[in-house]
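Peer 1: Need coordinates for the below:
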Amino acid sequence: MTRVMITGARAPVALDLARSFRAAGCEVTLADSVRPFAASLSRPGFEILRLPPPRQKFDRFRDCLSALAGKFDLIVPTCEEVFWLAAAAERDGWSDRLFAPSVAALRRLHSKADFPELAREAGVEAPATWAIASAAEAGRVPLAPAALVLKPEFSRFGARTMIGPDAAALAALPASPQRRWVAQERLAGEELCVWSAMRGGALVACIVYRPVLRHGRSAAYAFEAVDSPAIVEMARRIAAQVGGDGQLSYDVVVGAEGRVAPLECNPRAVSGLHLADGSAALARALLGLGELCPPPAGTIRYLAPAMILMGVPAAVAGGSFGKLRAVWGKGRDSVGRPGDRLPVAGVLLDAARFALMGAAQLHSPTSETTDDIEWNGEAFE
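Peer 2: Predicted structure coming up:
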């Protein structure tokens, strides 16, 4: 029996991956550096391992993974612990078990300054992008501020992103050589998202989706499958350019005449994975046993806890109950499934835990969810 460990168990996508690998007949273990309430409440239960926090205690994290790696045939990251896992695997010689690209590839993919050039090397159109390490460099960007999007080089959830800023905001950008920002050409069109997976540089799964409901510019909590051969071809080209195994996720703009341009890449799992419904076919694709057939266009899935915590208040504030009801009626929950509904309560507990931890540290709940695993380009020490 194939033994699989899925890390980042705090994420709902980790639970869906665990369900997929179990459906494919694998022995599944989940792992994280916090207690994942949703995964803990899933039935039938999964073994769950506690890891040291990689961002704060990388040496202990590395030692722990080195001791565990030989027990598993495949280790699948889901969140930003992927960077720390890749660094540990390369140093200790178990990269062949890790479902992730090399550290060097991960850095280029994660960097909002470097990824557009990588995309162009793959023959994919990408927006003009300038790295900014000082106020002087900000002043040399050749486009007007209103035609730009500004964001930190390493960031997540749309945090600190400025769309069409004024000249004062550009001049006051807190950029430094250690904490670069990027200025990116602002493209017009529809924004779509992608989750994909590759084996040996070959695309084995690709789900294109439209964020239907989202919290600000953060991750979507309701999503609709979209049919887009052009985006699939984009994902295929970038996978071939990067090579190796792993999950590659994108924010993409589809402009006039169907032109496709990826804005940035997250080399990890994202919510679009839920559209695979925890199927055995998803796990088989990641194991290199075939390609995943994408869901039909128009398929809607949502995260019920987020619909309650964010969707209902947003509908009250914006008078959009009709849209919320339509999504609820047409879609299906990806957290609670028939015979396994308790993870819905678990996600609420996870959210409460991160909110309380964030309040104690004067952090937002969203930033607290990645505080112990995020990677911002620093040395692995």
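
Peer 1: what's the helix or strand for M357?
Peer 2: Under the criterion of DSSP states H and E, M357 resides in helix 343-361.

Peer 1: outside of that helix, which residues touch it?
Peer 2: Contacts with helix 343-361, where a contact means Cβ atoms under 8 Å, 6 or more residues apart in numbering, come from 10, 12, 15, 34, 36-42, 303-306, 308-309, 333, 335-336, 363-365, 367-369, 371. For the C-beta atoms, the positions are set from N, CA and C on the backbone; glycine is no exception.

Peer 1: centre of the chain versus it, how much separation?
Peer 2: 19 Å (Cα atoms, centre = their mean, to the nearest Å).

Peer 1: Same check on stretch 329-346?
Peer 2: 21 Å.

Peer 1: Would you mark the buried spots in it?
Peer 2: Within stretch 329-346, the residues scored as buried using 16 or more other Cβ atoms under 10 Å are 331, 333-337, 340, 343-344, 346.

Peer 1: Export those as a markdown table, with columns for pLDDT and distance to S218.
Peer 2: Formatted as a markdown table, the buried residues of stretch 329-346 follow (pLDDT from 0 to 100; distance: Cβ to Cβ, whole Å):
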| residue | pLDDT | distance to S218 |
| --- | --- | --- |
| G331 | 97 | 19 |
| D333 | 97 | 19 |
| S334 | 97 | 17 |
| V335 | 97 | 17 |
| G336 | 96 | 21 |
| R337 | 93 | 24 |
| D340 | 96 | 26 |
| P343 | 97 | 21 |
| V344 | 96 | 20 |
| G346 | 94 | 20 |
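
Peer 1: Those residues in strands, which ones?
Peer 2: D333 (DSSP state E).

Peer 1: In contact with S279: list those residues for me.
Peer 2: The neighbourhood of S279, defined by Cβ under 8 Å, 6+ apart, consists of 20, 23.

Peer 1: residue boundaries of the strands in the stretch 1-150 of the chain?
Peer 2: 3-7, 27-32, 47-50, 74-76, 129-132, 148-152 (DSSP state E, counting those that start in this stretch).

Peer 1: for those, which one sits closest to I207?
Peer 2: strand 74-76 (16.3 Å; Cβ to Cβ).

Peer 1: quick one: contacts of that closest one?
Peer 2: Here strand 74-76 makes contact (Cβ under 8 Å, 6+ apart) with 2-7, 17, 69, 85, 94, 97-99, 286-287.
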